[in-house]
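> Here's a sequence, model it:
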Amino acid sequence: MKDQHFPIVGMFYRKPAQAIIDCIPIGTHIYAYAEPSNEVDPNAIAILIDSEHIPEQCHDSLDIKLANYGMEIGDIMGEPTWHLGYIPKGLAAMLKNSGDVQDNIIYHGTFMQDMKGKPMINFNGDENG
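Below you'll find the predicted structure:
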């Protein structure tokens, strides 16, 4: 996938995903991978961020937001990866069924927002198995 972007949904169920998304800047490295073992949706495509890609200039504002979840920035940076959400179910099924997204491949992208400020992933066409 290259130069395609998709909404990120489900942050509410992935605490502290919303706090992370509220703090990271446009262009931050995030990635996607298919979750064929997902019991709710075998076409699920998860969106993740490695803690090392959360820019240091975000740490203070993120630390403040994390208080709402009973967490601190050290908790975030102490874990290698955070699950931010998913590509919406219908779009994920389309991507899986078309072969654009395959199991066991990491699809690198960047964080962006739509015109209303809703979170999205932009795929830059770089993928690793």
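> bridging residues for residue 82?
Taking DSSP bridges as the rule, residue 82 bridges to residue 49.
> residues in contact with residue 23?
Under the criterion of Cβ atoms under 8 Å, 6 or more residues apart in numbering, the neighbours of residue 23 are 54, 58, 61-62, 65. To be clear about C-beta, it is placed using only N, CA and C from the backbone, and glycine gets the same treatment.
> Switch those residues over to CSV; also include neighbour count.
Output for the contacts of residue 23, formatted as CSV (neighbours: other Cβ atoms under 10 Å):
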residue, neighbour count
54, 21
58, 18
61, 13
62, 22
65, 17
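> Report pLDDT for residue 2.
Residue 2 is assigned 66 on the pLDDT scale.
> Give the pairing partners of the strand or helix carrying residue 33; include direction for each.
Per DSSP states H and E: residue 33 is located in strand 29-34. Each strand paired with strand 29-34, and its direction, by DSSP bridges: strand 45-50 (antiparallel), strand 106-113 (antiparallel).
> Can you check which of these gets nearest to residue 80?
Residue 80 lies closest, by Cβ to Cβ, to one member of those: strand 45-50, at 6.3 Å.
> Mind listing what's buried along that closest one?
45-49 (16 or more other Cβ atoms under 10 Å).
> quick one: it to chain centroid distance?
4 Å (Cα atoms, centre = their mean, to the nearest Å).
> Likewise for stretch 30-50?
9 Å.
> export the strand holding residue 33 as CSV, just CAs?
Below are the C-alpha coordinates for strand 29-34, written out as CSV (Å, rounded to 0.1, in the frame of the first residue of the first chain):
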residue,chain,number,x,y,z
HIS,A,29,5.8,6.6,12.7
ILE,A,30,3.0,4.1,13.3
TYR,A,31,2.3,0.8,11.7
ALA,A,32,-0.4,-1.8,10.9
TYR,A,33,-0.7,-5.5,10.8
ALA,A,34,-3.4,-8.0,10.3
